[in-house]
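# Let's see this in three dimensions:
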Amino acid sequence: MEQLKHNQNDFGGFQTKRMTTQEAEQRMCARLWCGNKGLLQLSIPFEDPRMYRVLCATHFILVMVVAAAAMGDPSPIGEGRRIAEALGVDWNPQDSLKIQQVVDLENAICSRCGGQMMLESVGDYKAIRWSHTCKPQEVSPS
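Numbers count the residues shown, from 1 in each chain. Okay, the predicted model is just below:
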């Protein structure tokens, strides 16, 4: 039996059969926080081979970009553009990569300096906060 996603702030939903594009468009993208119409289905790994999730064009392209990067593609964003063209959708990688993500700050690493977040207690209260400050590394002219 199909499980539908009803709220864009939820993750998931799944289908138990291959659907046409028109059927997929009647469902929300499975991506957490995404309320876009579905476009394509992906099979769910390590589940019954007849279980699928619907993704919108943007999130399908992002899955393909990540897969291309994991396989060592020297231009995974270029692969994303190629797929977007084939699907006939307007895809902007800068906008797509700014999607909200759940991040474990204990394991986050700064993309500029490689440093990690520091846990601080705040004042007399028991609250904690994460902080990190770094200076961009200067590039010396060659």
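
# Please make it C-alpha for all contacts and neighbour counts, starting now.
Fine.

# Buried residues, the lowest-mean-pLDDT helix or strand in the chain. List them.
Least confident helix or strand, the chain: helix 93-96 with a mean of 74, by mean pLDDT, DSSP states H and E. Using 16 or more other C-alpha atoms under 10 Å as the test for burial, helix 93-96 gives P93.

# what residue ranges in the chain score low on pLDDT?
96-102, 123-126, 135-142 (pLDDT under 70).

# Name the strands paired with the next helix or strand after the least confident helix or strand of the chain and say parallel or antiparallel.
Sequence-wise, the next helix or strand downstream of helix 93-96 (DSSP states H and E) is strand 118-121. Its sheet considered, strand 118-121 pairs with strand 128-131 (antiparallel) by DSSP bridges.

# Domain-wise, how is this protein divided?
Here the domain assignment for the chain is 21-96, 103-137, based on automatic domain parsing.

# okay, those, which one's buried deepest?
Counting by mean count of other C-alpha atoms under 10 Å, domain 21-96 has the highest mean neighbour count of these, with a mean of 17.

# So which residues of this structure form strands?
Here the chain has its strands, by DSSP state E, at 40-43, 52-55, 118-121, 128-131.

# between those strands, which gets nearest to M1?
Taking C-alpha to C-alpha, strand 52-55 is the member of these nearest to M1, at 11.7 Å.
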